[in-house]
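Take this sequence and fold it.
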Amino acid sequence: MDNDKPSVKADDLMRVEGAINDRIAKIDRVKEEIQPQKEMLDSIFDNDLAYAEHSQAAKKANQLKAQIKKQILNRPEAKAVSEKIKILKDELKEHQDALSYHLREFQRMTGANEFEGEDGELREIVPVYKLVKKRELKK
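Sure, this is the predicted structure:
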C-alpha cells in the first residue's frame, strides 16, 4: 500500500459515488416536495378568518390564537397536509443519514475531502457532530 491509504477497488468506489449521487438527488427532490406542502398548510391558516384576526392581536390574544390554531390542525385537510410534511421530513432525514454514511465511506476510501456531484458542483465533505442526551438505564 502506498502512503498507508487503503486499497480501493474501482467498482467499489463507483458504487459509493453512485450511492452518494443518488442520495443527493433524493434529498433535493424531497426538499422540493416539502416547500409546496408547507405553503399549502400556511394557506389553510391564512384563509381562516379567526386565525388571521387573532394572529395580529396583541400578546393578550396569544392564548386564543393558539387555541384556534389547534382547532385548525384538527381539520382533516390540515391534518393531511401536516402529516405529509412530517412524512417528507422523515424521508429527508433518512436520505441525509444515508448520504452521511456514503460520504464517510467515500472519504475513507479516497482520502478526499471534496465530492463533485453529477451537476458538476464541488462540495466539501464536513463531519457533523451532535450532542444528544444519553438515556438513563433503569436499575
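
any low-confidence regions in this structure?
For the chain, applying pLDDT under 70 flags the ranges 1-7, 57-61, 131, 137-139.

List the buried residues of the longest helix belonging to it.
Across the chain, the longest stretch assigned as helix under DSSP state H is helix 10-46. For helix 10-46, burial by neighbour count (16 or more other Cβ atoms under 10 Å) applies to 16-17, 19-21, 23-24, 26-27, 30, 34, 37, 40-41, 44. From N, CA and C alone the C-beta is placed, and that goes for glycine too.

again with stretch 78-85
Using 16+ other Cβ under 10 Å as the test for burial, stretch 78-85 gives 78, 81-82, 84-85.

Now do it: distance to the chain's middle.
16 Å (Cα atoms, centre = their mean, to the nearest Å).

when you give positions from now on, start the count at 57
Okay, residue one is now 57; in that scheme the one you just asked about reads as stretch 134-141.

Return it as CSV; C-alpha atoms alone will do.
C-alpha atoms of stretch 134-141 as CSV (Å, rounded to 0.1, in the frame of the first residue of the first chain):
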residue,chain,number,x,y,z
ALA,A,134,-54.8,20.4,7.7
LYS,A,135,-54.1,17.1,9.3
ALA,A,136,-53.4,15.6,5.9
VAL,A,137,-51.0,18.3,4.9
SER,A,138,-49.3,18.3,8.2
GLU,A,139,-48.9,14.6,8.1
LYS,A,140,-47.4,14.8,4.6
ILE,A,141,-44.9,17.3,5.8
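
Leaving out sequence neighbours, find the closest residue to N169.
I181 (5.2 Å; Cβ to Cβ, 6 or more residues apart in numbering).

hang on, I meant R131
Distances taken as Cβ to Cβ, 6+ apart place I100 nearest to R131, at 7.5 Å, with adjacent residues excluded.
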